[in-house]
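Asker: could you look at this predicted model? Sequence included:
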Amino acid sequence: MQPSDDSRFRAALEAVLMVADQPLDATTLADAVGRGPEEVTTALRALAGEYTAQGRGFDLRPVAGGWRFYTRPEYADVVEAFVLEGQQARLTQAALETLSVVAYKQPVSRARISAIRGVNVDGVMRTLLARGLVEPCGTDETSGANLYRTTSYFLERIGVTSLDDLPELAPYLPDMVDVEDELAAVAGPAPSTQHTHDPAAPDVEETDASA
């Protein structure tokens, strides 16, 4: 049985909110799902009420002028235990590669990281943020995208005092002209001041199985 238009509309809102890394206002959501802002607001309130009535482990809240999913306070102990346990796990290769891009290209946006790695990095970035290895550091003046950088905890974990102590990339990379050409073909036209290359992952002591 095909879902009704209303069911698809509400499901589309859930899908967009699920991948958002910041609160989304009704106008932004309306543009995403092709409905009016008032319809979106009504649907969001209805969804939030349903989640509460069903006793779900998450809820939908209006915050900072937008809407976002949050875990419920009554499950904070479970979530905290899961996150702290994850701190002891090892990072996957994907997480190490993403962390390397941030380390060598910071400040950098998720879109730029994805372009360099050639894959979506949203899930991996959430892991690195939860581990305290990367952190937000403002927005790009041109695109408005959130920018990220490594933290002091990252430096502590790899045993260096500053980013200047990171190893040079040249010995680990193929010919840089070829790399630049490949990235330009994937990412499309870029400003003349933008330089890209594919970083090699640094030797990180702590790594994770969940990313």
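Answerer: Okay, I see it. The structure displayed is predicted, hence computed values, not measured ones.

Asker: and the helix or strand hosting residue 42, what's buried?
Answerer: Taking DSSP states H and E as the criterion, residue 42 maps to helix 37-54. By neighbour count on 16 or more other Cβ atoms under 10 Å, the buried set for helix 37-54 is 39-41, 43-44, 47-48, 51. (Glycine included, C-beta is placed from N, CA and C.)

Asker: now the residues you listed in CSV, with distance to residue 91 and pLDDT?
Answerer: Below are those laid out as CSV (distance: Cβ to Cβ, whole Å; pLDDT from 0 to 100):
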residue, distance to residue 91, pLDDT
39, 42, 95
40, 37, 95
41, 40, 95
43, 38, 95
44, 35, 96
47, 34, 95
48, 35, 95
51, 32, 95
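
Asker: all strands for the protein, in order.
Answerer: Taking DSSP state E as the criterion, the chain carries its strands at 58-63, 66-71, 108-109, 134-139, 146-150.

Asker: any chance of those in TSV, with distance to residue 16, mean pLDDT and mean neighbour count too?
Answerer: As requested, those are exported to TSV (distance: least, Cβ to Cβ, whole Å; pLDDT from 0 to 100; neighbours: other Cβ atoms under 10 Å):
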stretch	distance to residue 16	mean pLDDT	mean neighbour count
strand 58-63	12	91	15
strand 66-71	10	91	16
strand 108-109	19	92	19
strand 134-139	20	92	15
strand 146-150	17	93	20
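
Asker: give me the low-pLDDT residue ranges for this protein?
Answerer: Along the chain, segments meeting pLDDT under 70 span 1-3, 83-89, 169-211.

Asker: now do 50
Answerer: Scanning the chain with the threshold set as pLDDT under 50 gives 1, 170, 172-180, 182-183, 186-187, 190-211.

Asker: and it, what are its domains?
Answerer: 5-74, 88-187 (automatic domain parsing).

Asker: hmm, back to that, angle of the helix holding residue 42 against strand 66-71?
Answerer: Angle, helix 37-54 to strand 66-71, by axes from the mean of the first three to the mean of the last three Cα atoms, to 10 degrees: 20 degrees.

Asker: could you tell me the angle between helix 37-54 and strand 58-63?
Answerer: With the same axes, to 10 degrees as the basis, helix 37-54 and strand 58-63 are set at 140 degrees to each other.

Asker: helices or strands up against helix 37-54?
Answerer: When contacts are defined as 3 or more Cβ pairs under 8 Å, 6 or more residues apart in numbering; DSSP states H and E, helix 37-54 packs onto helix 5-19, helix 26-33, strand 58-63.

Asker: pick the most buried one from the ones you listed.
Answerer: The highest average neighbour count among the helices and strands packed on helix 37-54, using mean count of other Cβ atoms under 10 Å, belongs to helix 26-33 at a mean of 17.

Asker: got the angle for that helix vs strand 58-63?
Answerer: Using the same axes, to 10 degrees: helix 26-33 against strand 58-63 is 130 degrees.

Asker: and the most centrally placed residue in the chain, what does it touch?
Answerer: Closest to where the C-alpha atoms of the chain average out (Cα atoms, centre = their mean) is residue 122, at 3.6 Å. Shown in contact with residue 122 (Cβ atoms under 8 Å, 6 or more residues apart in numbering): 19, 21, 110.

Asker: thank you, goodbye.
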